[in-house]
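*Asks:* need a structure here:
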Amino acid sequence: MQWDVDVLVIGAGACGLAAAIAAHDAGVSVAVMEKMDRPVALSTGSVLAAATRFQREAGIVDSAEQFVADLTRTGGPTDCPSLVRRLAATSAETVEWLVVTVGARLALATAYKHVGHSAAACTSIASRQGFSR
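*Replies:* Residues are numbered from 1 along each chain as shown. Sure thing, here's the model as predicted:
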């Protein structure tokens, strides 16, 4: 068997599937390879993001800069701080894309702050289970 695709995504977890959707929506051919029998075998259905519309609607003040500080304080220094800054700067846009374009039914989890975060920054599906068997 021989395949010819523009983008090959390895792993059908949340990031892999998001990448596949984005590539497809950009008009390229995509294939997803997954080693498990089902995609997204382990997920909480949550996405951490800073300065989202969900936070603003809840009156929560957050910023990309604070998100970077929280990640750095919790995870320690990284070899690529520019990647962490980029992740934080585009995190709200990513959540908005998931909700508006992909149709993910996300809401802000306000009952707790995710480990290491100074603001409630976790958007999640209601069940907080990305997949169940």
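*Asks:* Just after the longest helix seen in the chain, pick out the following helix or strand.
*Replies:* Ranked by residue count, the top helix of the chain under DSSP state H comes out as helix 81-97. Beyond helix 81-97 in the direction of the C-terminus, DSSP states H and E gives the next helix or strand as strand 107-108.
*Asks:* returning to what we had before: and the longest helix of the chain, what's its mean pLDDT?
*Replies:* Across helix 81-97, the average pLDDT comes to 94.
*Asks:* Using PDB, write out every CA atom in it.
*Replies:* This file holds the C-alpha atoms of helix 81-97, laid out as PDB (Å, rounded to 0.1, in the frame of the first residue of the first chain):
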ATOM      1  CA  PRO A  81      11.000  30.000  26.100                       C
ATOM      2  CA  SER A  82       9.800  31.500  22.900                       C
ATOM      3  CA  LEU A  83       7.700  28.400  22.300                       C
ATOM      4  CA  VAL A  84       6.100  28.800  25.800                       C
ATOM      5  CA  ARG A  85       5.400  32.500  25.000                       C
ATOM      6  CA  ARG A  86       3.800  31.600  21.700                       C
ATOM      7  CA  LEU A  87       1.700  28.900  23.300                       C
ATOM      8  CA  ALA A  88       0.400  31.400  25.900                       C
ATOM      9  CA  ALA A  89      -0.100  34.100  23.300                       C
ATOM     10  CA  THR A  90      -2.300  31.900  21.100                       C
ATOM     11  CA  SER A  91      -4.000  29.900  23.700                       C
ATOM     12  CA  ALA A  92      -7.200  32.000  23.800                       C
ATOM     13  CA  GLU A  93      -7.400  32.000  20.000                       C
ATOM     14  CA  THR A  94      -7.000  28.200  20.100                       C
ATOM     15  CA  VAL A  95      -9.900  27.700  22.500                       C
ATOM     16  CA  GLU A  96     -12.000  30.000  20.400                       C
ATOM     17  CA  TRP A  97     -11.200  28.000  17.300                       C
END
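*Asks:* Number the chain from 549, please
*Replies:* In the new numbering, first residue 549, that becomes helix 629-645.
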